[in-house]
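S.K.: generate a structure from the sequence data that follows.
(one chain, ligands or ions: 1)
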Amino acid sequence: SECVSLSPMMEAVPAPPESERVCVFGTGDLGRSLGLRLLQAGYGVVFGSRRPHSRSSLLPHGAQVLGHAAAAQSAHLIFIAVQREHYDFLVPLANQLKGKVLVDLSNNLRKNQYPEANAEYLQSLVPGAEVVKGFNTLSAWSLQNGPSDANRQVYICGESVEAKQAVIAVATKLGFSALDQGFLSVARELEDFPLQLFPQWRLPLRISIGLSAAFFFYLLIRYVIYAYVTQGEDISFRIMVSLANQVCPIVSLIMLSLCYLPGVLASFLQLYRGTKYRRFPDWLDRWMLCRKQLGLLALGFAFLHVLYTLIIPIRYYVRFKATERTVSVIRENRTTEFDTTTAWRGDSYLSLGILGFGLYVLLGITSLPSVSNALSWREFSFIQSKLGHLTLLFCTAHTYLYGWNRFLSSSTYKWYTPPGYMLCLVLPSVVLLLKLLLITPCVDRTITRIRQGWERGADQ
Ligand code: HEM
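M.R.: Numbering: from 1, shown residues only. The predicted structure is shown next:
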């Protein structure tokens, strides 16, 4: 009798609720990895297949495989991990797909491959369903390995708020954070996103390549070509180390200044407007957003400068010259005086370079997500702003001391042009002067009040 009383109850236990079951169309790499992750997150997974009876052994264990129509009926949310060219198979399923949420995961091979976004095309094929574009920035690899710091974010867009919420809920359970980008018309942009190689690096990379090329040719003319034309001397071998060891630190110092200039400009803009509640111009926003990349590239160039400097003593040219000098001193029976000023100068500029480089590396390390995540905002901004400007100060002082009093002698200005290190001092000097103005007590007080929400003219 117990059995009899139990069995109706057993039957009353509902099948897993539909929302807990998710359907995946497409059994390729991406579909399988997504299915596996969904299973791991506790969802029931149904694969839709053309031939449900010949189940591939690659499909994740625990997933169900049904025909397309049956699979579509079994879940509210359906991931479409199929290439756009094969979307036609969905048209005859219009009835089963009515009211369902279709997540379009597709990507294209190049920009503007089709007249409309894949997700919009899908919506036009199945007008009764709610299409959400999303997850297309993820790879099968990142799905299998789980989200890491760098790719925790996924972007979605779509017309229906409820549909997007359903997708966000799944994304959250999988460990991703989904950012709603708006209506389906944004899909095109999202589909272009994975096609861009290092989008935030593009501008900083161009700047560094442009600066390197410009300074390389400038220095080539000033040293190598100048020596050839005026003295008939061939010093082209100097391109490899001497020239490189000027281009690298020069580009590094300019890029480091470019990293701190927008922050300083933004402070002055706030000071001028007397409020923090107005948006910065677009160019300034974009510039601020690539500061990390500018800084890391600058660090790379500084690193090369340090390596080039370390090999100076083992260079044939340097050893040859040093021996030659020693031999001539002995031959001519001269004595040389030790010059304390030169020693002070040399040691000071080297020491400032080392301190600058040490802080530079610290800045680079703390900009890595795994490190900066472990810091509070106060700690992070202390390091990136206070220590950042100190780094710029050390590196600038290193270069000034290296130049010393050479700006006074006319032989420095070959063909009436200033040497590279003088040119590269302009920008950091401006940034440091502006920063100095900003930290004078009266300006600093106003800036702090503005940052706390005070507005000029709002008191009256
Ligand atoms: C020049 C050493 C770090 C910027 C020099 C020179 C040396 C030197 C020996 C003269 C090179 C020559 O005569 O050809 C060092 C050492 C460093 C260091 C030992 C740290 C371990 C830095 C850093 C910067 C920097 C972090 C910042 C970007 C410069 C600049 C020049 C220079 C702009 C002038 C280049 C020119 O000849 O036009 N440094 N440096 N240095 N250094 Fe550094």
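
S.K.: low-confidence stretches in the stretch 51-200 of the chain?
M.R.: 146-151, 197 (pLDDT under 70).

S.K.: give me the number of residues near the residue of it at minimum distance from the ligand?
M.R.: Residue of the stretch 51-200 of the chain nearest the ligand, by C-beta to the nearest ligand atom: Q200 (22.0 Å). C-betas here are computed from N, CA, C, even on glycine. Close neighbours of Q200, defined as other C-beta atoms under 10 Å, add up to 13.

S.K.: that one contacts R291, doesn't it?
M.R.: No: using C-beta atoms under 8 Å, Q200 is not in contact with R291; the gap is 10.1 Å.

S.K.: on that earlier part again, residues in contact with the residue of the stretch 51-200 of the chain closest to the ligand?
M.R.: When contacts are counted by C-beta atoms under 8 Å, 6 or more residues apart in numbering, Q200 touches L289, C290, K292, Q293.

S.K.: need those residues in JSON lines with distance to I225, neighbour count and secondary structure, can you?
M.R.: Compiled in JSON lines, those are given as follows (distance: C-beta to C-beta, whole Å; neighbours: other C-beta atoms under 10 Å; DSSP: H, G, I helix; E, B strand; the rest coil):
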{"residue": "L289", "distance to I225": "40", "neighbour count": "12", "secondary structure": "helix"}
{"residue": "C290", "distance to I225": "35", "neighbour count": "21", "secondary structure": "coil"}
{"residue": "K292", "distance to I225": "38", "neighbour count": "19", "secondary structure": "helix"}
{"residue": "Q293", "distance to I225": "34", "neighbour count": "21", "secondary structure": "helix"}
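
S.K.: for S242, state which of those is nearest.
M.R.: Q293 (28.6 Å; C-beta to C-beta).

S.K.: could you list the domains of this structure?
M.R.: For the chain, automatic domain parsing gives the domain ranges 2-195, 201-451.

S.K.: which non-adjacent residue is nearest the residue of the chain found nearest the ligand?
M.R.: In the chain, no residue comes nearer to the ligand than G353, which is 2.8 Å away by C-beta to the nearest ligand atom. Excluding the flanking residues, the one nearest G353 by C-beta to C-beta, 6 or more residues apart in numbering is H398, at 4.2 Å.

S.K.: what's the spacing between the residue nearest the centre of the chain and R206?
M.R.: Per C-alpha atoms, centre = their mean, the C-alpha nearest to the average position across the chain is that of Q200, at 4.9 Å. For Q200, the distance to R206 equals 12 Å [C-beta to C-beta, to the nearest Å].

S.K.: before we move on, what about S372?
M.R.: Applying C-beta to C-beta to S372 and R206 gives a distance of 25 Å.

S.K.: between the two, which is the more surrounded one?
M.R.: S372 (17 against 10).

S.K.: which residues does that one contact?
M.R.: T366, F380.

S.K.: how about L138, secondary structure?
M.R.: Put simply, L138 is coil when judged by DSSP: H, G, I helix; E, B strand; the rest coil.

S.K.: what is the longest helix that the chain contains packed up against?
M.R.: If you go by DSSP state H, the chain has its longest helix at helix 244-273. Applying 3 or more C-beta pairs under 8 Å, 6 or more residues apart in numbering; DSSP states H and E, one finds that helix 244-273 contacts helix 202-219, helix 282-289, helix 291-310, helix 388-403, helix 420-423, helix 426-438, helix 441-451.

S.K.: any idea of the mean pLDDT in it?
M.R.: Here helix 244-273 scores 96 as its mean pLDDT.

S.K.: could we number from 56 for the rest of this?
M.R.: Yep, numbering from 56; the last one is helix 299-328 now.

S.K.: that helix and the ligand, any residue contact?
M.R.: Yes: under the criterion of C-beta under 6 Å from any ligand atom, helix 299-328 makes contact with the ligand via N300, Q301, P304, I305, S307, L308.

S.K.: got the buried residues for that helix?
M.R.: 299-322, 325-326 (16 or more other C-beta atoms under 10 Å).

S.K.: what angle do that helix and helix 481-493 make?
M.R.: 30 degrees (axes from the mean of the first three to the mean of the last three C-alpha atoms, to 10 degrees).

S.K.: could you check how far the residue nearest to the centre of the chain is from Y371?
M.R.: For Q255, the distance to Y371 - C-beta to C-beta - is 42 Å.

S.K.: what does G413 give?
M.R.: 31 Å.

S.K.: same thing with W399?
M.R.: From W399 to Y371 the distance is 30 Å (C-beta to C-beta).

S.K.: equivalent analysis for R506, please.
M.R.: In terms of C-beta to C-beta, R506 sits 56 Å off from Y371.

S.K.: these two - which one has more neighbours?
M.R.: R506 (11 against 8).

S.K.: ok, now which ones touch the more buried one?
M.R.: R506 touches Q325, K331, counting by C-beta under 8 Å, 6+ apart.

S.K.: how about the residues of the chain by the ligand?
M.R.: When proximity is defined by C-beta under 6 Å from any ligand atom, the chain lies next to the ligand at 297, 300-301, 304-305, 307-308, 357, 360-361, 364, 405, 408-409, 411-412, 415, 450, 453-454, 457, 475-476, 479.

S.K.: buried subset of those residues, written for PyMOL?
M.R.: To isolate the buried members of the residues of the chain next to the ligand in PyMOL, using 16+ other C-beta under 10 Å:
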select buried, resi 297+300+301+304+305+307+308+357+360+361+364+408+411+412+415+450+453+454+457+475+476+479
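
S.K.: sorry, back to before: would you turn the contacts of Q255 into TSV with distance to S240 and pLDDT?
M.R.: Listed next are these as TSV, based on distance: C-beta to C-beta, whole Å; pLDDT from 0 to 100:
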residue	distance to S240	pLDDT
L344	24	85
C345	27	90
K347	30	92
Q348	29	94
